[in-house]
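> Sequence and predicted structure are below.
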Amino acid sequence: MSAAPPRRLGLALLGTEICVLFQRKRTWAMLLALAAVPVLIAIAVRISSSPRPGRGPAFLDQVSQNGLFVAVTGLVVAIPLFLPLTVGVVAGDTIAGEASNGMLRYLLIAPAGRVRLLWVKYVAAAVFCVAATLTVVIAGLLIGLILFPVGDVTLLSGDTITVAEAIPRFLAIAAYVTVSLLGLSAIGLFFSTLTDVPVGAMAATIVLAVVSQILGALPQLDWLHPWLFSTYWLGFTDILRQPVSWESFGDNALLQGGYILVFGALAYGRFLTKDILS
Amino acid sequence: MTQPADAELAIETRELTKRFGSQTAVNSVDLAVPLGSVFGFLGPNGSGKTTSIRMMLGLIAPTSGSVRILGRESPADLAGILPRVGALVEGPAFAPFLTGSQNLARLDSADPLASTRTRSARVAAALDRVGLAHAAGKKVHAYSLGMKQRLGLANTFLMPRELLVLDEPTNGLDPQGTREVRNLVRSLADEGTTVFVSSHLLAEIEQMCTHAAVMSAGRLVAQGTLDELRSVGIARVELTTPDVGAACAVLATLGLLPEAYVADAAHLVTAPLTGDRRPAAHEMVAALVAAGVRVDSFVIQESSLEDRFVALTGEGFEIVQ
């Protein structure tokens, strides 16, 4: 219906939206839960005998030798469920949450502009993806430093790099995982424009994340796998090779970009003509 | 009813219609709200008031018809309209986990014309104007309904507006709050702001408004100045007297059609005063006294907006659906 005035991109609104996101207790509760994932892994490894290689999540056997691997193990554990869960909650809440408490009509009258509101809400959800991933990585690095020896990192290719060289790689992994979640965020945003019940949009987003991974595990559906948004979710291990293999990073970014375009367009088409009755 | 020229209208709808499935919520409404007026939008619950307001503000798309606000087409030019319009639609709504001032600052940041630099000062001034300065730092979930309503009003005062659209602004307010809203509306009108108030409280509208329109079952059944609306009704003479028979006889000689009845142990005589049968009050009193009728009370009841409203929208619960 209304296009935003072209003069401003809504940076002021984006600023307040991000503030609002981090003023919610719910956001902090979710980040705390995410931080608990590497912490629990580290504690479990510390108080038990070191696990045998090949059992448990990837990299678990390396944790006791090098605390830095707690962060990577934490991501491996958090990616299939915990990260999609929290991202689903935030992305599913974007529009439906405002609709359910009636704020949506006041934001639009303010006037936020429908396109601008959609864009601002998506960027705020993306900011949460960054925060969520960094929370796992930083909590993992910190608990690893406390509980385990830290030293040179042995890569998957067998090469060894120093801790200083390893830190940028960990940040690259965080970036990879963040990008992995952007497609799901766009799906959540679209679901959020369909309903005034935020829990519905959240549940639909999370269920889709799980379904996508189940489909990805079925070898009979090989042809479908390249199109699933969860296909490259665990591909970040390529960053732990020497030299770094950026191929999966690029493929993942391209796939996620496709999802953002498709579901962004669907959300746009839906939200621009939606009758706001809440 | 006089139709002012287009440029003088704050809100103008032409054959505005909204259907939800087979149900027609708003049916071909032609509304004309003059600039500078305090315009009452009356109608029973479910008569299409809020749906009309939502269409004016671009929240829902009309099925057919057009809306012009402050001379611009809605929804085509909403970005040019909405910053000049403050609105309270179907009750206040705020994020419960934010404070009153944080909520206002958030809504203000959504307005592309609102300056970030003056934001906190404008938020404080708006809260002060509705008497919420003391609760600015309280989370909204701790607000009473009346406080939320005031906060909703404060939101419309964040920026200077040319048009205020207030949907049931006194809902949930105590008598003092209602009075304050009335005073606020008056002071805004004095500053030249057009105020469009929807309400089902007739007394409210009669006290605040210069113009009114009445909706019933999705249709606009009347609109004009309050005097125009009232003038359609019928005034009555009403007197209490122990000499009912004599009083009826006197009024009949003056060309009236009196009826006698008993209410609350008092004997009443009443007769409609229509255009050609309207003797002056002093004539009637003189005739009654001359005939020896003992008059305990004598009242000329002008037609009220309520009579008109009930005549247009139906009695009691038998509201037209």
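Happy to help now that I have it. Numbering: from 1, shown residues only, chains lettered A, B, ... in the order given.
> Low-confidence ranges, the stretch 51-200 of chain A, go.
A:51-55 (pLDDT under 70).
> Just give the closest residue to the residue of it found nearest chain B, not the sequence neighbours.
Using C-beta to the nearest C-beta, the single residue of the stretch 51-200 of chain A nearest to chain B is A:Gly102, 2.7 Å away. Heads up, the C-betas are built off the backbone N, CA and C, glycines and all. Distances taken as C-beta to C-beta, 6 or more residues apart in numbering or on different chains put B:Ala93 closest to A:Gly102, at 2.7 Å, once the chain neighbours are dropped.
> ditto for B:Ala252
Per C-beta to C-beta, 6+ apart, closest to B:Ala252 is B:Pro258, 6.2 Å.
> That neighbour is in contact with B:Leu268, isn't it?
No: using C-beta atoms under 8 Å, B:Pro258 makes no contact with B:Leu268, being 10.1 Å away.
> and the residue nearest to B:Ala252, how far is that from chain A?
To chain A, B:Pro258 is 52 Å away according to C-beta to the nearest C-beta, to the nearest Å.
> okay, that residue: pLDDT?
Among the per-residue scores, B:Pro258 shows a pLDDT of 86.
> ok, now B:Arg186?
89.
> do the same with the one 5 residues further on
Predicted confidence (pLDDT) at B:Glu191: the value is 90.
> Tell me how many other residues crowd residue 154.
By default, I'm working from chain A. 15 (other C-beta atoms under 10 Å in any protein chain shown).
> my bad, the chain I had in mind was chain B
Residues near B:Ala154, counting by other C-beta under 10 Å: 27.
> so where do the strands sit in chain A?
A:153-154, A:160-161 (DSSP state E).
> can you tell me which of these comes nearest to A:Trp223?
strand A:153-154 (36.7 Å; C-beta to C-beta).
> who does the closest one touch, helix- and strand-wise?
strand A:160-161, helix A:163-194 (3 or more C-beta pairs under 8 Å, 6 or more residues apart in numbering or on different chains; DSSP states H and E).
> would you turn these into CSV with distance to A:Tyr268?
Formatted as CSV, the helices and strands packed on strand A:153-154 follow (distance: least, C-beta to C-beta, whole Å):
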stretch, distance to A:Tyr268
strand A:160-161, 44
helix A:163-194, 9
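> Deepest-packed of these, please.
helix A:163-194 (a mean of 22; mean count of other C-beta atoms under 10 Å in any protein chain shown).
> so how far is it off the chain centroid?
4 Å (C-alpha atoms, centre = their mean, to the nearest Å).
> Looking at the stretch 101-250 of chain B, which residue is nearest chain A?
B:Ala110 (3.7 Å).
> my guess is A:Gly97 meets A:Val197, correct?
No: contact criterion C-beta under 8 Å: A:Gly97 and A:Val197 do not qualify, at 9.6 Å.
> neighbour count winner among those two?
A:Gly97 (23 against 16).
> Using the three-state scheme, assign B:Leu16.
Three-state call for B:Leu16 (DSSP: H, G, I helix; E, B strand; the rest coil): strand.
> Please list all residues in contact with the residue nearest to B:Ala252.
The contact partners of B:Pro258, by C-beta atoms under 8 Å, 6 or more residues apart in numbering or on different chains, come to B:Ala247, B:Cys248, B:Leu251, B:Ala252, B:Val269, B:Thr270, B:Ala271.
> likewise B:Gly192?
B:Gly36.
> Same question for A:Trp227.
A:Leu255.
> coming back round to it: next step: the contacts of B:Pro258 restricted to helices.
B:Ala247, B:Cys248, B:Leu251, B:Ala252 (DSSP state H).
> close enough to count as contact, B:Cys248 and B:Leu257?
No: counting by C-beta under 8 Å, B:Cys248 does not reach B:Leu257; the two are 9.7 Å apart.
> Please identify which of these two sits among more neighbours.
B:Cys248 (19 against 12).
> which residue sits closest to that one, ignoring its sequence neighbours?
Nearest one to B:Cys248, counting by C-beta to C-beta, 6+ apart, is B:Pro258 at 4.5 Å.
> who touches A:Cys248 in this structure?
Residue A:248: Ser, not Cys. Contacts of A:Ser248 by C-beta under 8 Å, 6+ apart are A:Tyr232, A:Gly235, A:Phe236, A:Asp238.
> give me phi/psi at the residue nearest to B:Ala252?
phi -80, psi 150 (degrees, to the nearest 10).
> rewinding a little: ok, now which ones touch the residue nearest to A:Gly102?
Contacts of B:Ala93 (C-beta under 8 Å, 6+ apart): A:Asn101, A:Gly102, A:Met103, A:Arg105, A:Tyr106, B:Gly152.
> B:Leu82 too?
A:Ser2, A:Ile109, A:Ala110, A:Pro111, B:Leu57, B:Gly58.
> Can you tell me the SS state at it?
Quick answer, by three-state DSSP: B:Leu82 is helix.
> hang on, the residue of the stretch 101-250 of chain B closest to chain A packs against A:Arg114?
No: the criterion here is C-beta under 8 Å, and B:Ala110 misses it with A:Arg114 at 11.5 Å.
> any idea how far the residue of the stretch 51-200 of chain A closest to chain B is from A:Leu9?
26 Å (C-beta to C-beta, to the nearest Å).
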